[in-house]
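J.: pasting a predicted model and its sequence here:
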Amino acid sequence: MLRIATWTLSNFCRGKPQPLFEQVRPALPTLERLIFSNDEEVLSDACWALS
């Protein structure tokens, strides 16, 4: 479930056109926690979301 949620969040953050920062800002605390995941797939998607 966490993998799917992280993948969905990363797709929202890297959408075209790119979403406004104000729309992404609420997800930053969650992404901050996700980048410490031991699951490589979750970590990869979280990093994509932040890029």
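T.: Yes, it's here. Residues are numbered from 1 along each chain as shown.
J.: on the three-state scheme, the residue of the chain positioned farthest from its centre is what?
T.: In the chain, counting by C-alpha atoms, centre = their mean, Pro17 sits farthest out from the average C-alpha position, at 16.3 Å. With DSSP: H, G, I helix; E, B strand; the rest coil as the basis, Pro17 sits in coil.
J.: gap between it and Leu2?
T.: For Pro17, the distance to Leu2 (C-beta to C-beta, to the nearest Å) stands at 27 Å. To be clear about C-beta, it is placed using only N, CA and C from the backbone, and glycine gets the same treatment.
J.: do the same with Pro19
T.: Distance, Pro19 to Leu2, using C-beta to C-beta: 22 Å.
J.: go through the host helix or strand of Arg33 and flag the buried ones.
T.: In this assignment (DSSP states H and E), Arg33 forms part of helix 28-34. For helix 28-34, a neighbour-count test (16 or more other C-beta atoms under 10 Å) marks Leu31, Leu34 as buried.
J.: quick check, pLDDT for Ser51.
T.: Looking at Ser51, its pLDDT is 88.
J.: that one is in contact with Ser10, isn't it?
T.: No: if you go by C-beta atoms under 8 Å, Ser51 and Ser10 don't touch, sitting 9.1 Å apart.
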